[in-house]
Structures are given as C-alpha cells and as structure tokens.
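Undergrad: Here you go, sequence then predicted model.
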Amino acid sequence: MFYKDERIAVFIDGANFFSAAKALNFEIDYRLLREEFMRRGKLIRMCYHIALLENDEFTTLRPLVDWLCYNGYSVASKTAREYTDAQGRRKVKSNVAIDIAVAALELSPHVDHIILFSGDGDLRPLVEAIKRAGVRVSIVSTIRSQPSMISDELRRTADNFIELDQLKTVISRPARQQTTSLQDEQNVGTKATEVAI
C-alpha cells in the first residue's frame, strides 16, 4: 500500500475522525499518528480540518488545535454555523469537505499519495479527480462500528481502504484507567520500599 520513496499528504476531517475513533472506543495520539505516516513515506503535509463554534471560546478542541499547530500539522479551522430547526432544536452545521477538497487538489501535483481520514461520501468526487491526476488515494475510516462510519461509494472509489481499527494499537493513547492503575502500582511499590528501608 505504501512505498518508502513516495511523497504523501494526509488530510484529516477532524470531526469525522474523532467520531470514528470514539465509535471504536479509543483516543487518538496525534504525535503517534504523525510518526506513523512519517515511517510510511516522505510526509509532505499533515492537514487537520475542523469547524469550531464562533462564540465557544473555551471548547475542548481549542487546546488540541493549538497543540497541532505547534507540532507539525497544518490546521485549517472554520466557523461552524449554528441554527434552530423547525422543531426548535439547536443544530450545528460543520461540514469541512469543500475545504479538504480545495486543499487536496492544490497539493496533489506535489505528492504521489493522499490519505484521507474521513468517511464522508461528499469526498467521492475529490477522490475521483485526484486519481485522474495520477495520485493514489487511501481512505482511513471504519466499517467495524455500528453503523459503519464510511460511505460505501467513497470506499469503492479509493485505491485503498485502511480500517481505522487496525491502526488502533499504533495511534491510540494509553487508556486512562491503565495509566492510573500503573501509577497506583508505582506508588505502592515506592511506599513498600520506604517501609522496607
């Protein structure tokens, strides 16, 4: 699927990727994610696309976006649109497919392989256009969640489909319970040593 000398670019639909990982019950370690694709080829660009609410100054995404900016990611954020539907429910529209399409098309003449972290069927025409330009396209998402997180048309159009669940062991953060229990064991071991001395 990957060749060591190929130039690759990664485009991440932040909300879609987060939802897919959540459906598979793991948290993403973005440092490990970047390192993984640096090993797979010559990483030209690592792009993260997200829509943020305009007046939500202290959203949990802001620290992530800041961290990504300082750690090798090109971050493109846009303002999500908030509206009330006919039933009076608050809704948020936050599609970044057009932004990803424009960025990927602009970069495609400079790479050999584009990896899209998204299951959004709206990206199918983008995948077709990139392939016509002679660039290989891999899609990363999951079919192992209920419901599946990827559009069947998008999956069929790509050159390769990478099941996110197979990347889980490589790009996931350690579970918090395991980290806490490990710290507890270390603390107990330290106290036992102090008592023994």
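TA: Perfect, I can see it now. Numbering: from 1, shown residues only.

Undergrad: Send over the helix or strand hosting residue 92 as PDB, restricted to the C-alpha atoms.
TA: Taking DSSP states H and E as the criterion, residue 92 maps to strand 90-93. Below are the C-alpha coordinates for strand 90-93, written out as PDB (Å, rounded to 0.1, in the frame of the first residue of the first chain):
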ATOM      1  CA  ARG A  90     -30.300  23.600  18.300                       C
ATOM      2  CA  LYS A  91     -28.300  22.300  15.400                       C
ATOM      3  CA  VAL A  92     -24.700  22.800  14.200                       C
ATOM      4  CA  LYS A  93     -23.600  22.600  10.600                       C
END
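
Undergrad: so how far is that strand off the chain centroid?
TA: 22 Å (CA atoms, centre = their mean, to the nearest Å).

Undergrad: which of the residues in it are buried?
TA: Neighbour-count burial for strand 90-93 flags no residue at all (criterion: 16 or more other CB atoms under 10 Å). All C-beta spots, glycine's among them, are computed from the backbone N, C-alpha and C.

Undergrad: Kindly spell out which helices and strands sit in contact with the next helix or strand along the chain from that strand.
TA: Once strand 90-93 ends, the next helix or strand along the chain (criterion: DSSP H and E) is helix 97-107. Applying 3 or more CB pairs under 8 Å, 6 or more residues apart in numbering; DSSP states H and E, one finds that helix 97-107 contacts strand 7-13, strand 42-53, strand 74-84, strand 113-117, helix 124-132.

Undergrad: which one of those is the most hemmed in?
TA: strand 113-117 (a mean of 27; mean count of other CB atoms under 10 Å).

Undergrad: what mean pLDDT does it have?
TA: Averaged across strand 113-117, the pLDDT comes to 98.

Undergrad: Nothing else from me, thank you.
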